[in-house]
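Colleague: Sequence first, then the predicted structure:
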Amino acid sequence: MKIAILGGDGFVGWPTALHLSDAGHDIHILDNLSRRWIDTELGVQSLTPMDSIQERTRIWHAETGRRIHFKLIDLARDYELLKNWLAEHRPDAIVHFAEQRAAPYSMKSDRHKNYTVNNNVNATHNLLNAMVELDLDAHLVHLGTMGVYGYSTVGAAIPEGYLPVGIETMDGETVSQEILYPSNPGSIYHMTKCLDQLLFQFYARNDGLRITDLHQGIVWGTHTEQTRRHPQLINRFDYDGDYGTVLNRFLIQAAIGYPLTVHGTGGQTRAFIHIQDSVRCIELALKTPPARGSRVEIFNQMTETHRVRDLAEMIARMTGSEIAWLPNPRKEAAENELVVRNEKFLALGLDPIRLEDGLLSEIVDVAKKFAYRIDRSRVPAVSAWTKEIAPLINHDPEGKRLKSAS
Ligand code: USQ
């Protein structure tokens, strides 16, 4: 298949491009390289040293003989460029990662909120609009998030996208319907993925676009089979307070002797998936497109759930790290239960990689190898969800630890 990977230079986009190229597909990355610009804005860098996208694709060609093409396009702003590219190439499938994906970054300031909404919603809408205009019947696979469901404890498992409901009619009878699970976003970033869902619902119904939305959990790990093949194919790895995600942050903190930064009681339960499984799921989704005219296909792309404090305690036991119990910069439930249905990927043959000590220590080793690249001052998470929370944030978890120890 000819596959366009929008956002193919990012944390999940890059290993997906390699995985699908390795499987024999003709891969075209479209990206505006915004993640690299945001690193510059924030004054941080990936833990792992990353080459330019052109250099990465050159190494992939040298290693495998396979070409991955790259085109610099800003989907949210360059509508005509995007449309022209799609008209010329007419891909069989499109994988859409091209969105600003960090919740803390989206909550940093009014400017960051505007940027995240404008970028994410326009990118998705420009793409759908162009597909209809060009009569392009490509299968669109979008990277959504588990966060669209929210984290309130309801005592029921979260279904894969749709909730059966009974509605009482005016005659007193009950009719049943399946509706999109009620959106309950916890950040501006998560809200944009909820808005995406409505755009998909409309375009699938109105124009018959074939769309799969993957509600992914928190990704952990860094390597996939293909990124291991050459040091310059390495994936990015974020550790900073805005882009680093919880489990990868704890592993890096353990590697550099930084106290593990648990927000609040650590009672937040979240869904997780290893990066290798993430790219496998995308391949599985591409193999099973919905029929034209059917509703949006939704998968929960996660393999296990964990409570944040359990993860911190497990890594502390494994590595001897201390835990810093910090005021939570986010407005979120202090404790929640989470049971998620994920039978659809399991039925398609996904054999999940489990969170085990072996794999976790492998990542601690990667972190130790590149520890010299870490700026400790960028580890604390300091983006506050509200003006009331801002003054409560601890900007120096290490200082606090030293004070309480003396
Ligand atoms: N947390 C800590 N300590 C930290 C960092 C985070 O306790 O040092 C807590 C947060 O308060 C939160 C939980 O860990 O309760 C998860 O935070 P996260 O930064 O790992 O994940 P999140 O902001 O939800 O976003 C990440 C990705 C996003 C993806 C989402 C999947 O950045 O792109 O959509 O995971 S999910 O969380 O399932 O919605």
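Modeller: Right, received. Where do you want to start?
Colleague: what residues does the chain put near the ligand?
Modeller: Neighbours of the ligand within the chain, by CB under 6 Å from any ligand atom: 101-103, 145-147, 216-218, 245-246, 249, 261-263, 266, 268, 270-271, 308, 328, 330, 332, 381. Yep, even glycine has a C-beta here, placed from its N, CA and C like the rest.
Colleague: Filter those residues down to the ones in strands?
Modeller: Within those, residues falling in strands by DSSP state E are 145, 216, 218, 261-263, 270-271.
Colleague: Strands of the stretch 151-300 of the chain, residue ranges please.
Modeller: If DSSP state E, counting those that start in this stretch is used as the criterion, the strands of the stretch 151-300 of the chain fall at 162-168, 174-180, 210-216, 218-220, 260-263, 269-274, 297-301.
Colleague: I'd guess His306 is in a helix, am I close?
Modeller: No - read with DSSP: H, G, I helix; E, B strand; the rest coil, His306 is strand and lies in no helix.
Colleague: Who does it form a beta bridge with?
Modeller: Arg270 (DSSP bridges).
Colleague: Can you list the low-confidence ranges for the stretch 251-400 of the chain?
Modeller: Along the stretch 251-400 of the chain, segments meeting pLDDT under 70 span 400.
Colleague: about what we covered before: for the strands of the stretch 151-300 of the chain, which one sits closest to Glu343?
Modeller: Shortest distance between Glu343 and the strands of the stretch 151-300 of the chain, using CB to CB, is found for strand 297-301: 8.9 Å.
Colleague: Identify the residues contacting that closest one?
Modeller: For strand 297-301, the surrounding residues in contact (CB atoms under 8 Å, 6 or more residues apart in numbering) are 144, 146, 158, 160-162, 211-217, 271, 273, 278, 281, 285, 288-290, 340-342, 344-345.
Colleague: what about burial for the residues you listed, which qualify?
Modeller: By neighbour count, with 16 or more other CB atoms under 10 Å, the contacts of strand 297-301 hold 144, 146, 158, 160-161, 211-217, 271, 273, 278, 281, 285, 289-290, 340, 342, 344-345 as buried.
Colleague: Let me know whether Leu31 touches Ala17 as I believe.
Modeller: For the record, residue 31 is Asp, not Leu. No - Asp31 lies out of contact with Ala17 (CB atoms under 8 Å); the separation is 9.8 Å.
Colleague: quick one: which of those two has more around it?
Modeller: Ala17 (32 against 25; other CB atoms under 10 Å).
Colleague: What is the neighbour count of Arg210?
Modeller: When counting by other CB under 10 Å, one arrives at 20 neighbours for Arg210.
Colleague: Contact partners for it?
Modeller: Counting by CB under 8 Å, 6+ apart, Arg210 touches 137-140, 204, 289-292, 294.
Colleague: let's go with 7 Å and repeat that
Modeller: 137, 139-140, 289-290, 292 (CB atoms under 7 Å, 6 or more residues apart in numbering).
Colleague: Of those residues, which is the nearest to Leu127?
Modeller: Leu140 (7.4 Å).
Colleague: Shouldn't that closest one be within a strand?
Modeller: Yes - per three-state DSSP, Leu140 lies within a strand segment.
Colleague: Give me the neighbour count for it.
Modeller: Per other CB under 10 Å, the neighbour tally for Leu140 reads 26.
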